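Novice: need the 3D shape of this:
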Amino acid sequence: MDNLFATQRWFLLVVFLVTGFLLYLLGPILSPFLVGALLAYLTDPVADRLELAGFTRTTSVVIVFVILSTLLTLLILLFIPKLSHQIQVMVRQIPAVIALFEEKVIPAIQAYLGEDISFGDLSTLKQLITSHWQKTGDIMAQIAGGITRSGLAVVGWFANLLLIPVVTFYLLRDWDVMIEKIGYLLPRNIEPKVSLWAKESDEVLGSFIKGQLLVMFALGVVYALGLWMIGLDLALLLGMLAGLASIVPYMGFIVGIIASAVAAYMQFHDPIILLWVGAVFAVGQALEGMVLTPLLVGDKIGLHPVAVIFSIMAGGQLFGFVGVLIALPVAAVIMVFLRHLHDGYKKSHLYGSEALELADIPEPVLEQEKNDDEQR
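Specialist: Prediction:
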C-alpha cells in the first residue's frame with residue numbers, strides 16, 4: 001500500500017511538472033483558450049440555472065452566449081472610445097494639477113507648519129509632461145501602423161480574437177462533462193480528497209471572482225453615474241478607476257475621492273463641488289457595506305486582497321499575460337492546500353502534545369472552532 005501511495009505521488013508530481021512546463025512553452029498561443037475558459041467558468045452557473053428551468057444544455061449555452069456577446073460588443077463600442085478620450089483629457093490636465101499643487105497646496109502646508117518644505121523640482125516635471133503629453137495620443141496610431149506593416153501580426157491578432165468566442169462556446173457547452181471526466185481520471189483512492197479540494201478551491205475562487213469582482217464593477221458603475229450626475233467630465237474614467245482600486249478594502253474610496261476631488265476642482269474651480277464629490281463616494285460606501293457586499297459576496301471567505309495583488313504580479317512576472325490569467329486559480333488552489341496543511345500540522349505531533357488530544361474532540365466541535373477562527 002505504501003508503494004502504491006509513493007507511486008501515485010510521483011506520478012501526480014510528474015503530471016504537475018509536465019503541465020507547468022507545457023504552459024510555459026505554449027504561453028504565446030494559450031491566451032484565447034484561457035480567456036475562453038475564464039468566461040466559461042464565470043457563465044456556467046447561469047447555464048446550469050437555465051437547464052434547471054427546462055432548457056436543453058445547448059439552448060442554455062446559446063442564450064448565455066448571445067447575452068455575453070451583446071454585453072461585450074456594447075462595452076467595446078460605447079465605453080472604450082469614451083475612456084480613450086477621457087484619458088487624453090486627464091493627461092492634458094496633469095500640468096495644471098501640478099501648478100495648482102505648487103502654487104496653492106505647498107504654500108498652505110508651509111504656512112500651517114511654519115517652515116519651508118521641499119517637494120522637489122516640480123517645474124521640471126511639469127515641463128516634461130507638457131512637452132510629451134501629445135505623444136500619448138499617437139500611441140494607438142503607432143500600434144495600428146506597426147500591426148498594418150506586419151501581415152502575420154494582423155492574421156494572428158484576428159485569429160486570437162475570433163478564437164475566444166469559439167472556445168468559450170464549446171467549453172461552456174461541455175463544461176460539466178469535462179469536469180466529470182477529469183474526476184473519473186483521478187486514482188480512486190484519492191478522488192474523494194481531490195474532489196473536496198477542488199470544491200473548496202471553486203468556493204474560494206468563486207467567492208472572489210463572482211463576488212468581489214462584481215462588487216468592484218458595481219461600485220465603478222455607481223461612482224461613474226454619481227460623478228456624471230454632478231457634471232464631471234472624467235466621470236467614467238474616475239469611476240472605473242475607483243471600482244478597480246476597490247480590490248483592496250477602502251483603497252477604491254481613497255483613490256477615487258482624491259482623484260475626483262482634484263479633477264472636479266480643476267474643472268469647476270468651486271470648493272462647493274468637493275461636497276458633492278464626497279456625497280457620491282459616501283453613497284457608494286454605504287451601498288457597498290449594506291447592499292453590494294452582503295448580496296454578492298456574503299460571508300464567504302475568498303482570496304485576501306494582498307494575496308490577489310501578489311499572485312497577479314507574480315504570474316505576470318513569471319509567465320506574462322498567461323500568468324495573469326492563471327494567477328487567481330493557482331492562488332485559490334494554493335490557499336486551499338495551505339489551509340489543509342495547516343490543519344494537518346495542528347493535529348500532528350510536530351505541533352505539540354495537545355495536538356494528540358484533538359483526535360478525541362468530536363468533529364462538530366472542531367468544525368465550530370474552525371468557523372469561529374475564520375469569522376475572527
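
Novice: residue nearest the middle of the chain, spatially speaking?
Specialist: Closest residue to the average C-alpha location of the chain: L213 at 6.0 Å, with Cα atoms, centre = their mean.

Novice: low-confidence regions, the stretch 251-376 of the chain specifically.
Specialist: Counting by pLDDT under 70, the stretch 251-376 of the chain shows low-confidence ranges at 297-302, 352-376.

Novice: recalculate using a threshold of 80.
Specialist: Scanning the stretch 251-376 of the chain for pLDDT under 80 picks out the ranges 293-309, 312, 316, 318-329, 332-333, 344-345, 347-376.

Novice: show the contacting residues for the residue nearest to the centre of the chain.
Specialist: With Cβ atoms under 8 Å, 6 or more residues apart in numbering as the criterion, no residue contacts L213. From N, CA and C alone the C-beta is placed, and that goes for glycine too.

Novice: which stretch of helix or strand covers it?
Specialist: If you go by DSSP states H and E, L213 is part of helix 213-229.

Novice: now do the helix or strand following that helix against helix 213-229, angle only.
Specialist: Following helix 213-229 in sequence order, the next helix or strand is helix 235-245 (DSSP H and E). Here the directions of helix 235-245 and helix 213-229 differ by 150 degrees (axes from the mean of the first three to the mean of the last three Cα atoms, to 10 degrees).

Novice: from the chain's centre, how far out does helix 235-245 sit?
Specialist: Chain-centre distance of helix 235-245: 14 Å, with Cα atoms, centre = their mean, to the nearest Å.

Novice: contacts for the very next helix or strand once past that helix next, please.
Specialist: Later in the chain than helix 235-245, the nearest helix or strand by DSSP H and E is helix 251-268. By Cβ under 8 Å, 6+ apart, the residues outside helix 251-268 that reach it are 90, 93, 96-97, 100, 216, 219, 223, 227, 230-234, 238-239, 241-246, 271, 273-274, 276-278, 280-281, 284-285.

Novice: show me which of these are buried.
Specialist: By neighbour count, with 16 or more other Cβ atoms under 10 Å, the contacts of helix 251-268 hold 90, 93, 97, 100, 216, 219, 223, 227, 230, 232-234, 238-239, 241-246, 273-274, 276-277, 280-281, 284-285 as buried.

Novice: look up how far I76 lies from the residue nearest to the centre of the chain.
Specialist: Per Cβ to Cβ, to the nearest Å, L213 is found 19 Å from I76.

Novice: what does R9 give?
Specialist: The gap separating R9 from I76 is 47 Å, by Cβ to Cβ.

Novice: got it, and P32?
Specialist: For P32, the distance to I76 - Cβ to Cβ - is 16 Å.

Novice: neighbour-wise, which of the two wins?
Specialist: Relative neighbour count places P32 above the other of P32 and I76, with 18 against 10, counting by other Cβ atoms under 10 Å.

Novice: you'd agree that one is up against L163?
Specialist: Yes. Judged on Cβ atoms under 8 Å, P32 makes contact with L163 at a distance of 3.9 Å.

Novice: run the angle between whichever strand or helix holds Q317 and helix 251-268 for me.
Specialist: Per DSSP H and E, Q317 falls inside helix 305-319. Angle of helix 305-319 versus helix 251-268, following the same axes, to 10 degrees, is 80 degrees.

Novice: can you pull out the helices in the stretch 1-150 of the chain?
Specialist: Counting by DSSP state H, counting those that start in this stretch, the stretch 1-150 of the chain has helices at residues 2-25, 27-52, 57-74, 80-100, 106-113, 122-132, 139-149.

Novice: point me to the helix or strand that includes the nearest residue to G226 once chain neighbours are set aside.
Specialist: Ranked by Cβ to Cβ, 6 or more residues apart in numbering and with sequence neighbours excluded, the top spatial neighbour of G226 is V280, at 3.4 Å. Per DSSP H and E: V280 is located in helix 272-287.
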